[in-house]
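**Student:** With the sequence up front, the predicted model follows.
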Amino acid sequence: MFSEPRVALIHYWLVRMRGGERVLERLLSLFPSADIFTHVYDPASVSEIIRSHNVSTTFIQKLPASRQHYQKYLPLMPMALEELDLSRYDLVISCEAGPAKGVITGPDTAHLCYCHSPMRYIWDAYGEYRSSSGAFTRMMMPWLFNHLRTWDAASAARVDSFVANSNFIRRRVQKVYRRESTVVFPPVPVDDFMPTTDVEGRYLWVGEMTPYKRADLVVDAFNELGLPLLMIGDGPMARAVRRRAKPNITFINHLSYADLRTAFARCRGLVFTAREDFGIVLAEALAAGRPTLAYGRGGAQDIVSPGVTGLFFDEQTPESVIDGVQRFEAWLPNFNPAEAVRRARRFAPERFDEGLMGEVRLLTGWTRPASRPHVSLVAT
């Protein structure tokens, strides 16, 4: 098709560093000359790798308080995406979790969508988001989101090829967009983690304390169990969760990356209570040589091998978590840390590179030269 593509990367918003932004960093290592397009951009909140590239924004950036309240402008984002001029690019890669894939491209431009998730707040998690919203928002959501669903489903036809970050998301892409997709797991810096024999008796929970992460479940369960638990994270539920916790539960808002790696390696086991699209912390626990007790839905099914690298619990209730911990304690002597580390290699960044570039090759015929250097992606 062409010797080397002119590439545009479409990202929903760049206001903090999370899993989606780490995927963007890896895409930039594969396409160092790529330009980035996004709705809202806060340079101070992203990595130097992202800041070093040309970043263009939609008109959403110019709206009042857009960096803090970008999600309030969701109904305007389809129009904003469709105003982007991508006519000079050979390859467009959209990173979909918020509106990103709905850009308009020419007949000779290949469009690959790496889907972290169809917008959950307008599809399968709509009821949860609506019930937790204020009265005015609840009143407006049926009118606004009906339009967004129609646009979101229709704009899927603009994508030439979908790539999903897990089998859970592959099924959601098929359900929502009626499109098939290939699974390419997101890049996890597994080589940054190192097992240790200095394992503590304390369990670990890591995440942002938002409603869907279900930090309340693990607090209620460990209040009953009385076992030591370290919870790392902050968020809108943090104050309420801490108030209900007993002394056997310790809270830390934030750890440095080095200290977080140590916490993974030394924990008795990771407890994972969310239904996630993928679940990077699960793969990080494996890379650190530790097992996981996880809610057996979503991306966890791709990462945890029951009876080998961890166990599942079946319901998001304290009783189910308690039962899971008790089964976990009985199973733990059979756990092999070396096997967990070996299985974590499935999520190494180079595996992402191979999978993603394989899809690009199928779509465009272009192969990245083997001699192209990679950017170091050590997280900070």
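**Tutor:** Here it is on my side, so go on. Numbering: from 1, shown residues only.
**Student:** which other helices and strands contact the host helix or strand of W143?
**Tutor:** Here W143, judged by DSSP states H and E, is contained in helix 135-155. Counting contacts by 3 or more Cβ pairs under 8 Å, 6 or more residues apart in numbering; DSSP states H and E, helix 135-155 is packed against helix 77-82, helix 126-131, helix 167-177. Glycine gets a C-beta too; all of them are placed from N, C-alpha and C.
**Student:** For the longest one, which outside residues touch it?
**Tutor:** Taking Cβ atoms under 8 Å, 6 or more residues apart in numbering as the criterion, the residues outside helix 167-177 that touch it are 115-118, 123-124, 152-153, 156, 162, 164, 179-183, 277-278, 297-299, 301-302.
**Student:** Need the mean per-residue confidence for the next helix or strand after the helix holding W143.
**Tutor:** Counting by DSSP H and E, the next helix or strand C-terminal to helix 135-155 is strand 161-164. Averaging pLDDT along strand 161-164 gives 97.
**Student:** And for stretch 106-117?
**Tutor:** Here the average pLDDT along stretch 106-117 is 96.
**Student:** Can you give me the distance of L217 to I49?
**Tutor:** As judged by Cβ to Cβ, to the nearest Å, L217 and I49 stand 35 Å apart.
**Student:** Revised request: answer the last question for D259.
**Tutor:** From D259 to I49 the distance is 22 Å (Cβ to Cβ).
**Student:** Looking at these two, which one has more neighbours?
**Tutor:** Counted by other Cβ atoms under 10 Å, D259 and I49 do not tie: I49 has more neighbours, with 17 against 12.
**Student:** Do I have it right that the more buried one meets R26?
**Tutor:** No. Contact criterion Cβ atoms under 8 Å: I49 and R26 do not qualify, at 9.4 Å.
**Student:** ranges for the strands of the chain?
**Tutor:** According to DSSP state E, the chain carries its strands in the segments 7-11, 35-38, 55-57, 91-96, 110-115, 161-164, 181-183, 203-206, 229-232, 249-252, 270-272, 292-295, 310-313.
**Student:** what comes up buried for the helix holding W143?
**Tutor:** M141, F145, L148, R149, W151, D152, S155 (16 or more other Cβ atoms under 10 Å).
**Student:** swap in stretch 217-231?
**Tutor:** L217, V218, V219, D220, A221, F222, N223, L225, L229, L230, M231.
**Student:** do the same with stretch 303-321
**Tutor:** By neighbour count on 16+ other Cβ under 10 Å, the buried set for stretch 303-321 is I303, V304, T309, G310, L311, F312, F313, Q316, P318, S320, V321.
**Student:** Now do the helices for the stretch 201-350 of the chain: every range, in order, please.
**Tutor:** 215-225, 238-244, 257-266, 280-287, 300-303, 318-331, 337-344, 349-364 (DSSP state H, counting those that start in this stretch).
**Student:** how about those, which one is nearest K72?
**Tutor:** helix 238-244 (22.8 Å; Cβ to Cβ).
**Student:** packing partners for the closest one?
**Tutor:** Against helix 238-244 (3+ Cβ pairs under 8 Å, 6+ apart) you get helix 215-225.
**Student:** for the record, mean pLDDT for the helix it packs on?
**Tutor:** Mean pLDDT, computed over helix 215-225, is 96.
**Student:** ok, how many other residues are close to T197?
**Tutor:** Neighbours of T197 under the rule other Cβ under 10 Å: 8.
**Student:** Name the residues that touch stretch 55-63?
**Tutor:** Against stretch 55-63 from outside (Cβ under 8 Å, 6+ apart): 14, 35-41, 43, 66, 70, 73, 76-77, 80-81, 83-84.
**Student:** make that stretch 251-261, sorry
**Tutor:** 192-194, 206, 230-234, 238, 242, 245, 263, 284, 288, 379-380.
**Student:** ok, the closest residue to R297 other than its chain neighbours to A80 distance?
**Tutor:** Spatial nearest neighbour of R297, excluding adjacent residues (Cβ to Cβ, 6 or more residues apart in numbering): R275 at 4.5 Å. Applying Cβ to Cβ, the value for R275 to A80 is 30 Å.
**Student:** Over to R239?
**Tutor:** Distance, R239 to A80, using Cβ to Cβ: 35 Å.
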